[in-house]
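**Student:** Here you go, sequence then predicted model.
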Amino acid sequence: MKPTAGAGSADAPDGTPVVQVSRLHVRAGASHILRGIDLTVRRGEVVALLGANGSGKSTLVKSVVGVTPPSEGTVQVLGSTLWADRVPWERVGYVPQRVGAGSGVPSTAQEVVASGLLHGRRLWLPRGWRDQVHDALAQVDLADRAHDPCHVLSGGQQQRVLIARALVRRPDLLILDEPVAGVDRPSQEAFAETMRHLVTDGLTVLVVLHELGELAPLVTRAVVLRHGKVVHDGAPPTARGDHDGVGHQHVHPHAAEPRPALPEPGLTEPVVGR
Ligand SMILES: Nc1ncnc2c1ncn2[C@@H]1O[C@H](COP(=O)(O)OP(=O)(O)OP(=O)(O)O)[C@@H](O)[C@H]1O
């Protein structure tokens, strides 16, 4: 995936909350899925949302993008309160958990990505949309597949189309739910490189991951959910053994500054001084 210049604001992290979740509860029937979540994502941060299957990660990001309404509590995005104020969704990119870009509709990659330029107040494509779509597809290395129907693309390529759809509006806030699940290693590396450029340009990111993988060097904070509650909010964990990995970056503390114990067994392990 190839970066292009400038998405998001060019501001440095300044502590301004971009996402603010307060005492959020979500219930569905008899299920009490989220149980009092507090989460703040500040401008310029890259926050990884981690946790075991069923811990509530997708439900939390769906609440942040206004798909799932809260039972209690509030969610603010870019300073606007969901379900009360108008939220500037045109500044938000969202990649849902793997859904397939085609979803049975015979749309081309170009058409799917172009739909990312539409939002509540703009139901027509802006002047120059073809170039914007081409740039977004180039960022995920699919410019040459623009006119292919999505159903002929592989699962990983469809996922990259959805990433391009989120990037095409040059968002200030990007929310990704397992963006690289099912994406091959070279594409993961290219995606991480694209993200590195976008984050340098000021993009704020909330990303659901099962492991930090190639995005590890970018992640500024990790939030771990368990049974619908936040059980860790702080330094990102480091996967066991990755000192041997290609491209490993020694960004985590060593013996002098031990990491907090990770509360999510089996997910990742703290690494100290290896
Ligand atoms: N609409 C719903 N009705 C009832 N239960 C639901 C609903 N949506 C989610 N759940 C339940 O809430 C829990 C959390 O689901 P969620 O998809 O948020 O988990 P997750 O952490 O994203 O999991 P995974 O890592 O498997 O994607 C699960 O037990 C799920 O079955």
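**Tutor:** Cool, got the structure. Residues are numbered from 1 along each chain as shown.

**Student:** May I ask you to confirm that P171 is in contact with R91?
**Tutor:** Yes: using CB atoms under 8 Å, P171 is in contact with R91, at 5.7 Å. (Each C-beta comes from the backbone N, C-alpha and C, glycine too.)

**Student:** Can you check my assumption that Q110 lies in a helix?
**Tutor:** Yes: counting by DSSP: H, G, I helix; E, B strand; the rest coil, Q110 is part of a helix.

**Student:** For it, give its distance to T81.
**Tutor:** Using CB to CB, to the nearest Å, we find Q110 at a distance of 35 Å from T81.

**Student:** Which of the two has more residues huddled nearby?
**Tutor:** Ranked by neighbour count (other CB atoms under 10 Å), Q110 and T81 place Q110 first, with 23 against 14.

**Student:** Which positions in the chain make contact with the ligand?
**Tutor:** 28-29, 31, 33, 51, 53-59, 97 (CB under 6 Å from any ligand atom).

**Student:** okay if I get those as JSON lines plus secondary structure and neighbour count?
**Tutor:** JSON lines is the format used below for these (DSSP: H, G, I helix; E, B strand; the rest coil; neighbours: other CB atoms under 10 Å):
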{"residue": "A28", "secondary structure": "strand", "neighbour count": "11"}
{"residue": "G29", "secondary structure": "coil", "neighbour count": "6"}
{"residue": "S31", "secondary structure": "strand", "neighbour count": "10"}
{"residue": "I33", "secondary structure": "strand", "neighbour count": "20"}
{"residue": "G51", "secondary structure": "strand", "neighbour count": "26"}
{"residue": "N53", "secondary structure": "coil", "neighbour count": "6"}
{"residue": "G54", "secondary structure": "coil", "neighbour count": "13"}
{"residue": "S55", "secondary structure": "coil", "neighbour count": "22"}
{"residue": "G56", "secondary structure": "coil", "neighbour count": "24"}
{"residue": "K57", "secondary structure": "helix", "neighbour count": "24"}
{"residue": "S58", "secondary structure": "helix", "neighbour count": "18"}
{"residue": "T59", "secondary structure": "helix", "neighbour count": "21"}
{"residue": "Q97", "secondary structure": "coil", "neighbour count": "14"}
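
**Student:** farthest pair in these?
**Tutor:** Greatest spatial distance in the residues of the chain next to the ligand: G29 and G51, 21.4 Å, computed using CB to CB.

**Student:** beta partners for the closest residue to P106 other than its chain neighbours?
**Tutor:** Counting by CB to CB, 6 or more residues apart in numbering, P106 lies nearest to P149, which is 5.3 Å off, once chain neighbours are set aside. Per DSSP bridges, the residues bridged to P149 are T108.
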